[in-house]
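K.L.:
below is the sequence, then the predicted model.
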Amino acid sequence: MKQPEENERELTRIRVAGVPEHFNLPWQLGLERRAFVRAALDVKWRTVPQGTGSMCDLLEAGEVDVALLVTEGAVRYILQGGKARIVSAYVDSPLTWGVHVGAGSPIESPEQLKGCRFAISRPNSGSHLAAFAYARARGWAVEENDFILVNDLNGAVERLKEPDPVAFLWEKFTTKPLVDRGALSCVDEFRTEWPAFMVVVSEAFLAEHGDHVQRLLKVIRDQANGLMQKKTAPEMVAHRYGLTLPDAQQWFGAVRWNTGDPVDPQTLGNVVDVLAQAGMPDLKVAFEAGSATLLAASS
């Protein structure tokens, strides 16, 4: 029997949200190559420069079905009652955060950051939770009034131009072009100890389209696996994301996308422990009580 042409097939729409960063290149390649269409999926990609906190809001409002969230943000969102589940790790390698100040700031070392406020894109964003964890790792106490909302990376650049000292954490290769041209100064790095990103799906969509989610995961894992084996991938990353080739090579040499390994529940428990120690003990209570399930049944 003749197979239907792509434009004649019934496609299942899946609304996916992610940040405009090099980590999401496999999704862009899948869209450009029509790999999702060949799997009978109509992926509607939504770029969210504000990051994880904003994507949690979109999931909650039912405006997206799938979001690629930093792991700590996904954990906090679900344990605080978010109606979603982690279905897979997306990026297995840890995230390296650059700790930035304004280019004209007198701060030149991490020790000088003690007592500074932190710019964050929004509550529950990666920049918010990473700042908590960074301060905790250095033995500094921070409170919610120590955070300044700046919406996104552009907002942070503008805020850090002001004279009072403010620090800002963002993935270090995303901000590297800004550091290179003197818009920001990077005074430290902070590397988390868990996978960088998770694939999070709304409960409602998962209940109705669990098989389509598995098909989606297969496509993106195939794209990621092919990219990791492509010798010219660093050149592609440099060209598309405005990085120098040496920076792209350094980033690409360290990143590992998930190609099928299940999420380790203990890893998520470690994230909960760090967030609890950073001032969010309610998350540990919810996690240990089992009042919210982080992982989908098939994860």
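P.N.:
Nice, I can see it.

K.L.:
ok, what's across the strand from the residue most central in space within the chain?
P.N.:
By Cα atoms, centre = their mean, the chain has its centre lying nearest to residue 70, at 3.3 Å. Beta bridges link residue 70 to residue 197, judged by DSSP bridges.

K.L.:
residues touching it, list them.
P.N.:
For residue 70, the contact set (Cβ atoms under 8 Å, 6 or more residues apart in numbering) comprises 51, 52, 95, 125, 126, 129, 130, 196, 197, 198. C-betas here are computed from N, CA, C, even on glycine.

K.L.:
narrow the residues you listed to those in strands?
P.N.:
197, 198 (DSSP state E).

K.L.:
just put the contacts of residue 70 in JSON lines and tack on neighbour count and distance to residue 112.
P.N.:
JSON lines is the format used below for those (neighbours: other Cβ atoms under 10 Å; distance: Cβ to Cβ, whole Å):
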{"residue": "51", "neighbour count": "28", "distance to residue 112": "26"}
{"residue": "52", "neighbour count": "31", "distance to residue 112": "28"}
{"residue": "95", "neighbour count": "22", "distance to residue 112": "24"}
{"residue": "125", "neighbour count": "28", "distance to residue 112": "24"}
{"residue": "126", "neighbour count": "27", "distance to residue 112": "23"}
{"residue": "129", "neighbour count": "27", "distance to residue 112": "23"}
{"residue": "130", "neighbour count": "24", "distance to residue 112": "19"}
{"residue": "196", "neighbour count": "25", "distance to residue 112": "28"}
{"residue": "197", "neighbour count": "28", "distance to residue 112": "31"}
{"residue": "198", "neighbour count": "31", "distance to residue 112": "34"}
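
K.L.:
what's the closest of the contacts of residue 70 to residue 288?
P.N.:
Closest approach to residue 288 among the contacts of residue 70 (Cβ to Cβ): residue 129, at 19.4 Å.

K.L.:
hmm, residue 69 and that closest one touching each other?
P.N.:
No. Residue 129 is not in contact with residue 69 according to Cβ atoms under 8 Å; the separation is 10.7 Å.

K.L.:
residues near residue 38, how many?
P.N.:
Residue 38 has 12 neighbours, counted by other Cβ atoms under 10 Å.

K.L.:
roughly how far apart are it and residue 150?
P.N.:
40 Å (Cβ to Cβ, to the nearest Å).

K.L.:
now swap in residue 37 and tell me
P.N.:
For residue 37, the distance to residue 150 - Cβ to Cβ - is 37 Å.

K.L.:
repeat for residue 286
P.N.:
Distance from residue 286 to residue 150, counting by Cβ to Cβ: 29 Å.

K.L.:
any low-confidence regions in the chain?
P.N.:
Within the chain, the stretches with pLDDT under 70 are 1-8, 291.

K.L.:
how's it carved up into domains?
P.N.:
As given by automatic domain parsing, the domain ranges for the chain are 6-93+195-289, 96-191.

K.L.:
hey, where'd the strands end up in the protein?
P.N.:
In the chain, the strands defined using DSSP E lie at 12-18, 41-47, 66-70, 84-91, 96-102, 117-120, 147-149, 166-171, 184-191, 197-202.

K.L.:
can I get those strands in TSV with distance to residue 56?
P.N.:
Below are those laid out as TSV (distance: least, Cβ to Cβ, whole Å):
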stretch	distance to residue 56
strand 12-18	10
strand 41-47	13
strand 66-70	7
strand 84-91	8
strand 96-102	19
strand 117-120	14
strand 147-149	15
strand 166-171	18
strand 184-191	22
strand 197-202	8
